[in-house]
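Undergrad: model this:
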Amino acid sequence: MKDGGIMNRREMKKMDTRIKAIKKAAQELKTLSGGIQAVDRNADRILASVKMLEINITDLLPHLS
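TA: Sure thing, here's the model as predicted:
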């Protein structure tokens with residue numbers, strides 16, 4: 001971030017890319033877990049946090065100029 005915390009569109013796109021990577025990794029982990037409940041539950045928690053990040057960043061991108 002530059003100039004007192006103002007984030008530009010390019011920085012937001014970088015964050016969006018990483019958010020999508022985290023989501024994909026958590027979904028893959030859940031697929032690979034073989035039904036291990038602890039892994040599934042923790043992957044679900046990660047995905048819930050990713051959803052909040054999507055609301056904060058990913059969903060805003062189309063509305064920025």
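
Undergrad: if I look at the residue most central in space within the chain, how far off is Asn56?
TA: Computing the C-alpha centroid of the chain and ranking residues by CA atoms, centre = their mean puts Ile19 first, at 2.7 Å. Noted for Ile19: a distance of 9 Å to Asn56, by CB to CB, to the nearest Å. The way it works is simple: take the backbone N, C-alpha and C, and place the C-beta from them, glycine included.

Undergrad: residue contacts, Pro62?
TA: Taking CB atoms under 8 Å, 6 or more residues apart in numbering, we find Pro62 in contact with no residue.

Undergrad: so how far is Leu29 from Ala38?
TA: Spatial separation of Ala38 from Leu29 under the definition CB to CB is 12 Å.

Undergrad: how far does the lowest-mean-pLDDT helix or strand in the chain sit from the chain's center?
TA: When the helices and strands of the chain are scored by mean pLDDT, DSSP states H and E, helix 9-32 comes last with a mean of 94. The gap between the average C-alpha position of helix 9-32 and the chain average comes to 5 Å, counting by CA atoms, centre = their mean, to the nearest Å.

Undergrad: again, but for stretch 45-52
TA: For stretch 45-52, the distance from its own C-alpha centre to the chain's C-alpha centre is 7 Å (CA atoms, centre = their mean).

Undergrad: tally of neighbours for Ala26?
TA: Burial measure for Ala26: 19 neighbouring residues, criterion other CB atoms under 10 Å.
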